[in-house]
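Asks: fold the following for me, if possible:
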Amino acid sequence: MSQEIKNIPVEDLVLWTENPRDPIEASANDQDIAERALADSDSKWTLAKLARDMGTDYDFSEIPTVVYHDTKPVVYDGNRRMILAKLKHGYIKVSGSERLKIPDIPKEIPCNVCSEKVALRHILRKHSETGSWRHLERDIFLHKFMGQPKSPFLVLEDSTNLISAHPYLNQGFVRDEIFTEDGLNRLGFVAKRGELLSVHNKKEAQTILSDIAHKIEGRQLNTRTNRRKPLSVLEPSVQSIIERNKKKKLRPTAIHLRGAHPPKTPVRQSRRVARSDTGLFGGPLYLKAGDVNNLYRDIAELYKFYLENKQLLSAAFPAIIRMSLRLLCETAAASNSMGDYLKSNFEAAKGQLGKDHKTTLANQNIRKETIEQLLHTGTHSYKAASNLDQTVALSLILGGILTKTHGKR
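Replies: Okay, the predicted model is just below:
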């Protein structure tokens, strides 16, 4: 039988080190993978979102795909859910995970046990076309596990670390229109037999690739602007390099642009502490139906969108979230003044917060006397509005106030 449903203890399941979402050294263990997933520096795991989306119960309609390596059941698909399960039952411990709202998960999970060939086929079908993998991760999977040749996009990354150095390049139009075989040729590069060749010397190659990356980051080259003529947006000096070297001989090139990911092997000294991410409003709010609840839920979804797409958004995007908090307060205050509404409910709401959240308020200077001014300042000052840490801190106390005045009884 190529597939079999089998109940396996969560404690026995082994997380996959070669997960295309975020591969790690083969010597890493479950603890290493969980720490990396909770830190989530590139927003690849989003465990907090998964825990929220799962609700109160574990969903048995999606079961892990498991391949036995000798006697070890390795989770090929479902690693995020199994990290949550291992955290829930204390099989692994990561600082900050106590803030996750993990649903009830049994200690023994039904799994789809199959051969590696079947598992890889299922993984490709489930993830490559749904957006759960990004473009570079898909190319890596197709080459490493499905035997396909390296795409020009992957050749470029392996030879330069360009995509790792500039994660916003990991998007569809860049892969499919800029760093294609033809697109690279126009820039003076050739991807051939898995190797990057160039007519430019190392310094020139680095200058060209860095310039086009910066033009994409600055939106001078995107799906709406200069999409069909990428060379035209490059600096004149860079265009001159490309023109001057057109007839030069191709040679292998390998450069490592700054900003690439750190080594994949975790440093095993004292345990790494995951980055603290309190989240907007400190977690889900349960408000009475109406305009306030609708607006709150829209803002929460906007924040999720930001977390999942921030590498593609400008530095100004958090200002939209900050300004929406003021609108939420004004809506909740109704016929009262926003200032009176905030001040009359501030202390009671603060009293319901935990120690960590109170410390966050203090660090961001959020007091009964300052909260109204901070909300006003956020709508008029770009710099203040873009201070995401202060915006999240404001949302903590607002969550308490809204629960007090508009919470379900």
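Asks: wait, Q364 sits on D389?
Replies: Yes: taking contact to mean Cβ atoms under 8 Å, the distance of 6.6 Å between Q364 and D389 places them in contact. To be clear about C-beta, it is placed using only N, CA and C from the backbone, and glycine gets the same treatment.
Asks: neighbour-wise, which of the two wins?
Replies: Taking neighbours as other Cβ atoms under 10 Å, Q364 and D389 compare with Q364 leading, 19 against 12.
Asks: now do the same contact list for the nearest residue to the more buried one once chain neighbours are set aside.
Replies: Excluding its sequence neighbours, the residue lying closest to Q364 (Cβ to Cβ, 6 or more residues apart in numbering) is A393, at 3.9 Å. Each residue near A393 by Cβ atoms under 8 Å, 6 or more residues apart in numbering is listed here: 278, 360-361, 363-364, 366.
Asks: and A393, that's in a helix?
Replies: Yes: with DSSP: H, G, I helix; E, B strand; the rest coil as the criterion, A393 is part of a helix.
Asks: strands of the protein, start to end?
Replies: 3-9, 14-15, 65-69, 72-77, 108-114, 189-192, 195-198, 251-252 (DSSP state E).
Asks: off-centre distance for the first one?
Replies: It refers to strand 3-9. If you compare the mean C-alpha spot of strand 3-9 with that of the full chain, they lie 31 Å apart, counting by Cα atoms, centre = their mean, to the nearest Å.
Asks: which residue of the chain lies farthest from its centroid?
Replies: Distance to the chain centre peaks in the chain at K247, reaching 42.0 Å (criterion: Cα atoms, centre = their mean).
Asks: what pLDDT does that residue get?
Replies: The per-residue pLDDT reported for K247 equals 92.
Asks: can you check the one 5 residues further on too?
Replies: On the pLDDT scale, P252 is placed at 90.
Asks: and it, what is it in contact with?
Replies: Going by Cβ under 8 Å, 6+ apart, the list of residues near P252 reads 195-197.
Asks: and those, which of them are buried?
Replies: Neighbour counting with 16 or more other Cβ atoms under 10 Å marks 196-197 as buried within the contacts of P252.
Asks: and of the contacts of P252, the nearest to L169?
Replies: Distance ranking of the contacts of P252 against L169, using Cβ to Cβ, places L196 first at 15.2 Å.
Asks: what's the spacing between the closest residue to D340 other than its chain neighbours and A289?
Replies: For D340, the nearest residue in space outside its immediate sequence neighbours is A333; the separation is 7.5 Å by Cβ to Cβ, 6+ apart. When Cβ to Cβ, to the nearest Å is the yardstick, A333 and A289 sit 18 Å from each other.
Asks: which of those two has more neighbours?
Replies: When A333 and A289 are compared on other Cβ under 10 Å, the one with more neighbours turns out to be A333, at 19 against 9.
Asks: separation between that one and S2?
Replies: 62 Å.
Asks: ok, now K404?
Replies: Look at K404 and S2: by Cβ to Cβ, they are 56 Å apart.
Asks: off-centre distance for stretch 155-171?
Replies: Distance, stretch centre to chain centre, for stretch 155-171: 16 Å (Cα atoms, centre = their mean).
Asks: could you pull out the buried residues of that stretch?
Replies: Taking 16+ other Cβ under 10 Å as the basis for neighbour counts, the residues of stretch 155-171 that come out buried are 155-167, 169-171.
Asks: grab the most central residue of this structure for me.
Replies: Nearest to the mean C-alpha position of the chain, by Cα atoms, centre = their mean, lies S43 at 1.6 Å.
Asks: from what I see, I178 and K215 are in contact.
Replies: No: contact status for I178 versus K215: not in contact, 9.9 Å apart, counting by Cβ under 8 Å.
Asks: common neighbours of the two, please.
Replies: With Cβ under 8 Å, 6+ apart, I178 and K215 have common neighbours 221, 230.
Asks: pLDDT below threshold where in this protein?
Replies: Applying pLDDT under 70 to the chain flags the ranges 1, 128-132, 256-279, 311, 378-386, 409.
Asks: show me how the record splits it into domains.
Replies: Under the assignment automatic domain parsing, the domains of the chain span 3-127, 135-252, 280-406.
Asks: ok now the shortest one, how far from the chain's centre?
Replies: Going by Cα atoms, centre = their mean, the spacing between the C-alpha centre of domain 135-252 and its chain's C-alpha centre is 23 Å.
Asks: what about it, start to end distance?
Replies: Chord length of domain 135-252, first to last residue, is 25 Å (Cα to Cα, to the nearest Å).
Asks: renumber starting at 582 from here on
Replies: Happy to do that; since the first residue is 582 now, the last one works out to domain 716-833.
Asks: re earlier: and the contacts of A974, which are buried?
Replies: 859, 941-942, 945, 947.
Asks: redo those as TSV? Include distance to Q801.
Replies: What follows is those, written out as TSV (distance: Cβ to Cβ, whole Å):
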residue	distance to Q801
T859	35
T941	38
L942	40
Q945	35
I947	38
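Asks: out of the residues you listed, who's nearest D593?
Replies: Sorting those by distance to D593 puts T859 at the head of the list, at 33.4 Å, by Cβ to Cβ.
Asks: spatially nearest residue to the residue farthest from the centre of the chain (excluding sequence neighbours)?
Replies: Using Cβ to Cβ, 6+ apart and skipping residues adjacent in sequence, the residue nearest K828 is V780, 7.8 Å away.
Asks: got the contact list for the one you found?
Replies: With Cβ under 8 Å, 6+ apart as the criterion, the residues that contact V780 are 769, 826-832.
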